[in-house]
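[1] Sequence and computational prediction follow.
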Amino acid sequence: MSQPRVFPASGFDILDPYEIFEEETLPDYLKERYYPVHIGEVFQSQYQVVTKLGFGSSSTVWLCRDLCNERYLVLKVHVRTRRPLPEVEISKHLKAIHDIHGGEKYVRLVLDSFEISGPCGVHTCLLYPPAGIDIRDYIHCLEGDALPENLLRPALRLVLIAVDYLHQAKVIHTDIQPNNILLGIDDESILSEMEEDEISNPAPRKQFYDHTIYATRAMPLTSGEPMLADLGEARLAEGNQTGLIMPSVYRAPEVMLGMPWDNKVDIWALGQMAWTLFEQGHLFRNQPLENDTQHTQRFAEMISLLGPPPVEFLRRSKESLKFWDENGNWRGSVEIPEQSLESRESRLEANSKMLFLRFLRKTLCWLPEERPTAKELLLDEWLRGEDY
């Protein structure tokens, strides 16, 4: 077992305590919800925190060194909560399945979990294998802020292999989006370099009497294969489910209308994500879906790009009568925009454009049962491309 390292107690920039910073910038931030992690702290007598990797409304994320096994791991320290985290149970379920599929290598699972007591409550900690930046940040490094077609296709193929693995294991992800697609790490020496950098060039921070807020250290660009991450909103389920899921910009129509839904919501989200990664923007306006006006605007956009929904679909929910009559005629207060997928798509020409839009239309069917499975979508002509 290696010894914990000593991290600098000086030599770093002290930031203005009155300027909001890192997790403080989140709209629902409360200091009491977060565990006050310190760089150099050792959890479970085994995991030493070496630098900060990020933050969110539900956790802070850290690179740590496993002192027993001489490896680096990612530690996610959740805000205090009384409810068990579904990601832990779903990871255990997936690891208990011994059928070799191939998709398991493209899904990042929880390696271990434990609880710690903080000043204001109990916090669940999750450990993961290290991964690089998400694909959303990666495309910001590229010219035009978008994935070229020759990178988009293989990335989507690997995500679909991961989705097929989850669906065969009766898991619905429900949160497929660019920031949940992480690049793999081929050369882990970058992680030891990040630790050394934290010692020689310690992160700026805000210091208070009872906690410290550190600056996130950027993960270097890596070139490993993409993987699907964050099962925090996933469902272990067979058949139809109910309830509000998915980020609003990627939300499937059956969820918007309060209908039962199944794993085909992941296919809808993947289609929209493909557009986001390739077309330098979202397919639909990125706004909350919190009232009838916002839903009306979204449905009007959907009709303009996908055509009107089948009456059979609308009759599955009384909510649809707010926007369509009983015969499926639009009666929303918003006019249908003058646009089409063909007019919106600007990067491809001729046959490539036709095949890409045909792929999209498969994923974005109004009727969930008409969307292909992940395995069926892997055979799509555009997705296979010239590599096959």
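    Cool, the structure landed. Residues are numbered from 1 along each chain as shown.

[2] mind pulling up the phi and psi values for the residue of the chain most remote from its centre?
    For the chain, the residue at maximal distance from the C-alpha centroid (Cα atoms, centre = their mean) is Asn327, at 37.5 Å. Here the main-chain torsion angles of Asn327 (degrees, to the nearest 10) amount to phi -100, psi 10.

[3] And for Leu126?
    Taking degrees, to the nearest 10, you get phi -120, psi 140 for the backbone angles of Leu126.

[4] Also His211?
    As for His211, its main-chain torsions (degrees, to the nearest 10) stand at phi -160, psi 160.

[5] Low-confidence stretches in the chain?
    Within the chain, the stretches with pLDDT under 70 are 386-388.

[6] what's the domain layout of it?
    Listed by the TED database, the domain ranges of the chain are 1-79+187-221, 102-107+131-186+222-384.

[7] Where do the helices of the chain begin and end?
    Using DSSP state H, the helices of the chain run over 86-95, 135-139, 149-168, 189-200, 253-256, 264-279, 292-306, 311-314, 341-344, 350-363, 374-377, 381-384.

[8] closest to Met219 out of these?
    For Met219, the closest of the helices of the chain is helix 189-200, at 7.7 Å, according to Cβ to Cβ. Quick note: C-beta positions are derived from backbone N, CA and C, even for glycine.

[9] What are the contacting residues of that closest one?
    The contact list for helix 189-200, computed with Cβ atoms under 8 Å, 6 or more residues apart in numbering, reads 5, 7-8, 39, 50-51, 63, 65, 72, 130, 185, 217, 219-220, 222.

[10] Would you show me how to pick out the buried ones of those in ChimeraX?
    Applying 16 or more other Cβ atoms under 10 Å to these, the buried members can be selected in ChimeraX as follows:
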select :7,39,50,51,63,65,72,130,185,217,219,222
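
[11] quick check, nearest of the contacts of helix 189-200 to Asn240?
    Of the contacts of helix 189-200, the one sitting nearest to Asn240 (Cβ to Cβ) turns out to be Pro130, at 36.7 Å.

[12] shouldn't the closest one be in contact with Gly184?
    No - counting by Cβ atoms under 8 Å, Pro130 stays clear of Gly184, with 9.1 Å between them.

[13] quick one, which of the domains of the chain is packed in tightest?
    With neighbours taken as mean count of other Cβ atoms under 10 Å, those reach their highest mean count in domain 102-107+131-186+222-384, at a mean of 17.

[14] can you tell me the distance between the two ends of that one?
    18 Å (Cα to Cα, to the nearest Å).

[15] all numbers from here: first residue = 782
    With the count now opening at 782, the last piece we talked about shows up as domain 883-888+912-967+1003-1165.

[16] What segments of this structure are strands?
    In the chain, the strands defined using DSSP state E lie at 823-824, 828-836, 840-847, 852-859, 893-899, 902-909, 952-953, 962-964, 986-988, 993-995, 1007-1009, 1016-1017.

[17] mind giving me a markdown table with those strands and columns for distance to Leu1086?
    Below are the strands of the chain laid out as a markdown table (distance: least, Cβ to Cβ, whole Å):
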| stretch | distance to Leu1086 |
| --- | --- |
| strand 823-824 | 48 |
| strand 828-836 | 34 |
| strand 840-847 | 35 |
| strand 852-859 | 37 |
| strand 893-899 | 42 |
| strand 902-909 | 37 |
| strand 952-953 | 25 |
| strand 962-964 | 23 |
| strand 986-988 | 45 |
| strand 993-995 | 43 |
| strand 1007-1009 | 26 |
| strand 1016-1017 | 28 |
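
[18] just so I know, which of the ones you listed lies nearest Glu870?
    strand 1016-1017 (7.0 Å).

[19] name the helices or strands packed onto that closest one?
    Using 3 or more Cβ pairs under 8 Å, 6 or more residues apart in numbering; DSSP states H and E, the elements in contact with strand 1016-1017 are helix 867-876, strand 952-953.

[20] How about residues contacting the last one?
    Just to be clear, that refers to strand 952-953. With Cβ under 8 Å, 6+ apart as the criterion, strand 952-953 contacts 871, 874-875, 947, 1012, 1015-1018, 1022, 1043-1044, 1046-1047.

[21] hmm, try it at 7 Å
    Strand 952-953 has contacts (Cβ atoms under 7 Å, 6 or more residues apart in numbering) with 871, 875, 1015-1018, 1044, 1046-1047.

[22] Quick check: the farthest pair among those?
    That would be Leu875 and Val1046, which, of those, are the farthest apart (Cβ to Cβ) at 18.9 Å.

[23] Now that Lys1103 has come up, it's in contact with Asp1073, right?
    Yes - taking Cβ atoms under 7 Å as the definition, Lys1103 is a contact partner of Asp1073 at 5.9 Å.

[24] got the contact list for Glu1019?
    Contacts of Glu1019 (Cβ under 7 Å, 6+ apart): Lys951.

[25] one more time with 10 Å
    Going by Cβ atoms under 10 Å, 6 or more residues apart in numbering, Glu1019 touches 951, 953, 1043-1044.

[26] Now flag whichever of those residues is closest to Ile916.
    Distance to Ile916, by Cβ to Cβ, is smallest for Ile953 among the contacts of Glu1019, at 20.9 Å.

[27] what's the distance between the closest one and His819?
    The gap separating Ile953 from His819 is 37 Å, by Cβ to Cβ, to the nearest Å.

[28] Same question for Arg938.
    Distance from Arg938 to His819, counting by Cβ to Cβ: 42 Å.

[29] Same question for Leu892.
    Using Cβ to Cβ, Leu892 is found at 23 Å from His819.

[30] Same question for Trp843.
    Distance from Trp843 to His819, by Cβ to Cβ: 10 Å.
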